[in-house]
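**Q** Quick one, fold the following:
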Amino acid sequence: MPKLIDLIQAGRKVERHHPWPRAVVDDDVWRSAASALADGGLSLLGLWGEASCVHMAILDDHTSDIGVISLDCPDRQFPSVAAYHPPALRLERTVHDLFGLRAAGTPDPRPWLDHGRWQMRFPLGERLDASPDAAPYQFLPAEGDSLHQIAVGPVHAGIIEPGHFRFTASGETVVRLEQRLGYTHKGIEGLMAGSTVEQAARLAGRVSGDSTVAYGLAFAQAVEAAQQIAVPPRALLLRALMAELERLANHLGDIGAICNDASFALMQAHCAVLRESVLRAADAAFGHRLMRDLVVPGGVARDIASDGPNVIQAALDQIRRHFPALVELYDNTASLQDRTVTTGIVTPALARQFAAGGYVGRASGRNHDARRRPGYLPYDVLRFEVPVLSEGDVNARVWIRIREVEQSLALTDQILIGLEAGPVRVSLQGATEASEGMAVVEGFRGDILAWLRLNGDRIERCHLRDPSWFQWPLLEAAIEGNIVADFPLCNKSFNCSYSGHDL
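**A** Below is the predicted model:
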């Protein structure tokens, strides 16, 4: 089985970019990489395109090394990775929609982001001629006695973002779920091309509103890797502080929302109060409830307010006083356990295959956290545990969130204690040569990938990959064999991002 270093060294052109390697490979090495992903030991981190080439980011699970292999596509096609490794399928379909590059041998050539409105203009690539009278999108067929289909969305009750869910059911039991996403495609990566680093940083923070700190951090670290910039220690700690506050707020909100979807509104009410205390503390400390536009390349946009540490500590103390009783209430409510235990199971094998990050992967036995592997500052000097369970059901995903709340409380304490005086930002270099950078950071959903190429002070190309890319397909698997009424509960336990996925 080839290792990551073997694939890199087999490239025609090998380049060293701090702190990760990249190689331009031929079709045979590209296929070898796809086969190695299917065999295990390597995990797919991302697959994206440009006008005439494709790139693949790979994690070596044994060494935690990350690398990128690239393939030129002069004939506008490339060997399908999904033909070997299904997690690449939606990414390949997106590459075709955005650039017109065809995955030869793909098991599913249907469009993904394109809903028949683009007329093959390829927002990030050249325009190709195509008929505007394309055939309507075909959902996968399902055959069997007494099967019926239920179409849900793309417009939903409430204020959630649009997504279409096509259920095939036998009575109340779901036989198949197929998703159709892409309705919130905003052309973020197209808008970034040619923009300044400052403009692109603001766009990155708007990819997925509940992860604005995580996306800002991923983008900033990619820029800093490209320019080999060292961020001041105080700025590193402030970034981690914001990231843990964002994690706390989202996990508290999710725990309550999951319980609410099981008709246990009391938990949601109490969790909402605790979540609000975190958001108000963030506003008092940093001037924005979601801390948007505060993590920037080179550091942070502003220092914490003078009374910020005390306000944050007060919010943490409130959570410590009330959260244990809520955990006990969750654990001792039989009607709630009846809805969450053994519901919506993701097997450890699927979690490994799709390299599922965050609470989805860790609830199914995948021990991966980007703060630790491959790791980044300042988490190398902070003490924390990565909770892992193997049951893979809704209940396990709740418990992973509970344990991560406890870890974020401990991390925030350490950060506040270690917050010493110093600068919070350094200037970017006025580089004239093209350079590339990449970063992987841990958002509350899981690992976020950012890759970019700079040309002077401008973004030539930037790709951002949300953890939801590898979690949405697992939701399809999780609901099979469950009843239709359990879908909202399963869906909320995943809480995948529409906006982050459809960028």
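**Q** Would you list the phi and psi of the residue of the chain positioned farthest from its centre?
**A** Distance from the C-alpha centroid of the chain, by C-alpha atoms, centre = their mean, peaks at residue 145 (38.3 Å). Reported as degrees, to the nearest 10, the phi and psi values for residue 145 are phi -70, psi 140.
**Q** and what of residue 345?
**A** The phi/psi pair for residue 345 (degrees, to the nearest 10) is phi -80, psi 130.
**Q** Can you give me the neighbour number for it?
**A** 21 (other C-beta atoms under 10 Å). To be clear about C-beta, it is placed using only N, CA and C from the backbone, and glycine gets the same treatment.
**Q** who are the neighbours in contact with it?
**A** Counting by C-beta atoms under 8 Å, 6 or more residues apart in numbering, residue 345 touches 391-393, 478.
**Q** same question, residue 161
**A** Residue 161 neighbours (C-beta under 8 Å, 6+ apart): 183-184, 498-499.
**Q** Lowest-confidence one in those residues?
**A** Taking pLDDT as the measure, these have their low point at residue 184 (88).
**Q** Out of the contacts of residue 345, flag the one nearest to residue 486.
**A** Of all the contacts of residue 345, residue 486 sits closest to residue 478, with 9.7 Å by C-beta to C-beta.
**Q** Surely the closest one touches residue 351?
**A** No. Using C-beta atoms under 8 Å, residue 478 is not in contact with residue 351; the gap is 10.5 Å.
**Q** where are the low-confidence patches of the stretch 401-503 of the chain?
**A** Applying pLDDT under 70 to the stretch 401-503 of the chain flags the ranges 431-432.
**Q** repeat for the chain
**A** Across the chain, the ranges flagged by pLDDT under 70 are 1, 16-18, 119-135, 431-432.
**Q** Just to check, residue 204 is in contact with residue 219?
**A** Yes. Using C-beta under 8 Å, residue 204 is in contact with residue 219, at 3.7 Å.
**Q** Please enumerate the shared neighbours of the two.
**A** The contact sets of residue 204 and residue 219 overlap at 450, 462, 464 (C-beta under 8 Å, 6+ apart).
**Q** just so I have it, where are all the helices in the stretch 1-150 of the chain?
**A** Remark: helices assigned in the stretch 1-150 of the chain by DSSP state H, counting those that start in this stretch are 4-9, 27-39, 89-99.
**Q** Most tightly packed of the ones you listed?
**A** Neighbour counts (mean count of other C-beta atoms under 10 Å) averaged over each of these peak at helix 89-99, with a mean of 23.
**Q** what's in contact with that helix?
**A** Helix 89-99 is contacted from outside by 46-51, 54, 80-82, 101-103, 106-114, 118, 122-125, 189, 469, 472-473, using C-beta under 8 Å, 6+ apart.
**Q** before we move on, which element is the residue nearest to residue 305 when sequence neighbours are not counted in?
**A** The shortest distance from residue 305 to any non-neighbouring residue, by C-beta to C-beta, 6 or more residues apart in numbering, is to residue 285 (5.4 Å). Per DSSP states H and E: residue 285 is located in helix 265-286.
**Q** Please name every helix or strand in contact with that helix.
**A** Under the contact definition 3 or more C-beta pairs under 8 Å, 6 or more residues apart in numbering; DSSP states H and E, helix 265-286 sits against helix 233-261, helix 308-331.
**Q** how about these, which one is nearest residue 446?
**A** helix 233-261 (11.3 Å).
**Q** ok, residue 479 - contacts?
**A** 174, 177, 344, 486-487, 490.
**Q** What separation do you get for it and residue 487?
**A** Applying C-beta to C-beta, to the nearest Å, the value for residue 479 to residue 487 is 6 Å.
**Q** what residues do those two have in common as contacts?
**A** Common contacts of residue 479 and residue 487 (C-beta under 8 Å, 6+ apart): 174, 177.
**Q** Surely residue 7 is in contact with residue 28?
**A** No. At 10.9 Å, residue 7 does not count as touching residue 28 under the criterion of C-beta under 8 Å.
**Q** quick revisit: so which of the contacts of helix 89-99 sit within strands?
**A** Judged by DSSP state E, the contacts of helix 89-99 include 46-49, 54, 102-103 as members of strands.
**Q** Nearest to residue 358 among the residues you listed?
**A** The nearest member of the ones in strands among the contacts of helix 89-99 to residue 358, counting by C-beta to C-beta, is residue 46 at 15.7 Å.
**Q** how close does the closest one get to residue 438?
**A** Taking C-beta to C-beta, one finds residue 46 at 9 Å from residue 438.
**Q** Kindly report the same for residue 333.
**A** Noted for residue 333: a distance of 44 Å to residue 438, by C-beta to C-beta.
**Q** Which of these two has more residues huddled nearby?
**A** residue 438 (26 against 17).
**Q** quick one, what contacts residue 140?
**A** Neighbours of residue 140 in contact, by C-beta under 8 Å, 6+ apart: 176, 178.
**Q** how about a cut-off of 6 Å?
**A** residue 178 (C-beta atoms under 6 Å, 6 or more residues apart in numbering).
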